[in-house]
Structures are given as C-alpha cells and as structure tokens.
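Student: this is a predicted model, with the sequence first.
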Amino acid sequence: RKLITSVYQDRVPDKPASAAASKGPVFGVPLETAVHRSRVNDHLPLCRVFQDSVMFIETFALPREGIYRVPGFRAKLNEIKQQYNKGDVVKLTNYDPETVGMLLKLWLRELPEPLLTRQLGAQFEGVLQYEDTEQRTAILCAMLRQLPPEHYATLAWLCLHINHVSSHEKINKMTLSNLIIILSPTLL
C-alpha cells in the first residue's frame, strides 16, 4: 500500500506521461491500445485511467464503506470518462471515491477483451477442476505467463488492489468474496 500511495502522491498529474498520450479514446478499446494511448510510465504497461483509479482508491478510499458497492454519480462518471477519452489531465481528487470506483469498474467492463483473454478464459475455468493445489498453482502460473504484458500487469495490479481493499473489510465492509463478485465479470 505504501508503494502505491507514494507513487500516487509523487506523480505529477499536470501533463501526459508521453507524447503518445491523448491520441484517442481509452474506454472501449483493446487494452494494448488503451495502454499505448495513455501509459503512465515506460516501465509499467498500465492504462492511465486504471492506474489513477487504483492509486486514488488506495490513497483516499480504502476505509470507505462499500467502496465498490455504493454507486457514485453517473453525470460525474461520464464527465471523467470524456476527459480521459480526450487525453485531458484528470484530477480524481475533485471527485468522490464512489464515482472513481464506478470509473474503474466501467473501464474494465468496457474492455472488448477480458483481462484473462477469451483464448485463455476457458482454460482458466478448467484449472479449478484440479484437486491438487500444487498442480493447480503450477498450471495457473504457466497460463498467466501466456497473457500479453498489458493484461498481466493490469491483472497483477487488480489482484493486489483487491487484496488491499479486502484487508480493510472490518471498516469498508468489502470482503474478498464481495469484491470478487463485483469485479470477476471483467476477468473472463
């Protein structure tokens, strides 16, 4: 959590990360395209809207009750989405955490290809049939290595984020199972 928090607070949000930023929408496009259009830094293949949303929630909203369950404001959500799609500088601190949570879910939901990809999605579901934990883990790891870098990085950040949110479940009432129910449709 400290690493993500420090990255968020140290990042200068007043300019796009690269010249490739702001060359088209980042919602409803393939993940690779969204990353190319809005990459935050050269070492991490994450889309700006995803990374900004996760870091905002990690910094300001982990103790917020029902952070992904309580809805935000639809008009504000559309406003933020338009700003990201235009490549504008977006200051999420001007918005409430529930709307930022909706933003993250919307971006993931609008990806034309799920995070685990259609090609590997059925295989991921099939791994659950293995009773041997070591065998299941080895197969999952091998499958994860087949994901495109943008999918792998986004999935890794999402899993870490889900863990962080659920670690505050006594305060935010968001258990791991609640979060999985809310976010799993974006995975497969």
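Tutor: Arrived safely.

Student: okay, which residue is most central for the protein?
Tutor: Geometric centre of the chain, nearest residue: residue 50, 4.5 Å, by C-alpha atoms, centre = their mean.

Student: just checking, that residue touches residue 105?
Tutor: No - applying C-beta atoms under 8 Å as the test, residue 50 and residue 105 come out as separate, 10.9 Å apart. C-beta here means a position set from N, CA and C on the backbone, and glycine is covered the same way.

Student: and the gap between the residue nearest to the centre of the chain and residue 157?
Tutor: Taking C-beta to C-beta, to the nearest Å as the measure, residue 50 falls 7 Å from residue 157.

Student: now do the SS call for the residue nearest to residue 90 when sequence neighbours are not counted.
Tutor: Spatial nearest neighbour of residue 90, excluding adjacent residues (C-beta to C-beta, 6 or more residues apart in numbering): residue 83 at 4.7 Å. Secondary structure, DSSP: H, G, I helix; E, B strand; the rest coil: residue 83 is helix.

Student: what residues sit buried inside the helix ranked longest in the chain?
Tutor: When the chain is parsed with DSSP state H, its longest helix is helix 149-166. Neighbour counts over helix 149-166 (16 or more other C-beta atoms under 10 Å) mark 150-151, 153-155, 157-158, 161-162, 165-166 as buried.

Student: all strands of the protein, in order?
Tutor: Assigned by DSSP state E, the chain shows strands spanning 39-41, 44-47.

Student: winner for burial among those strands?
Tutor: Highest mean neighbour count of the strands of the chain: strand 44-47, a mean of 21 (counted as mean count of other C-beta atoms under 10 Å).

Student: if we can go back for a sec, got the buried residues of helix 149-166 as TSV, with distance to residue 118 and pLDDT columns?
Tutor: TSV is the format used below for the buried residues of helix 149-166 (distance: C-beta to C-beta, whole Å; pLDDT from 0 to 100):
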residue	distance to residue 118	pLDDT
150	15	96
151	11	96
153	19	95
154	16	96
155	15	94
157	21	96
158	18	96
161	23	97
162	22	96
165	27	97
166	27	96
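
Student: where are the low-confidence patches of the protein?
Tutor: 1-22 (pLDDT under 70).

Student: helices along that one, start to end?
Tutor: Using DSSP H, helices in the chain cover 2-10, 31-38, 48-60, 74-86, 97-109, 118-127, 133-144, 149-166, 169-172, 176-183.

Student: what are the contacting residues of the shortest one?
Tutor: With contacts defined as C-beta atoms under 8 Å, 6 or more residues apart in numbering, helix 169-172 is touched by 62-67, 165, 175-176.

Student: what about 10 Å?
Tutor: 61-70, 165-166, 175-179 (C-beta atoms under 10 Å, 6 or more residues apart in numbering).
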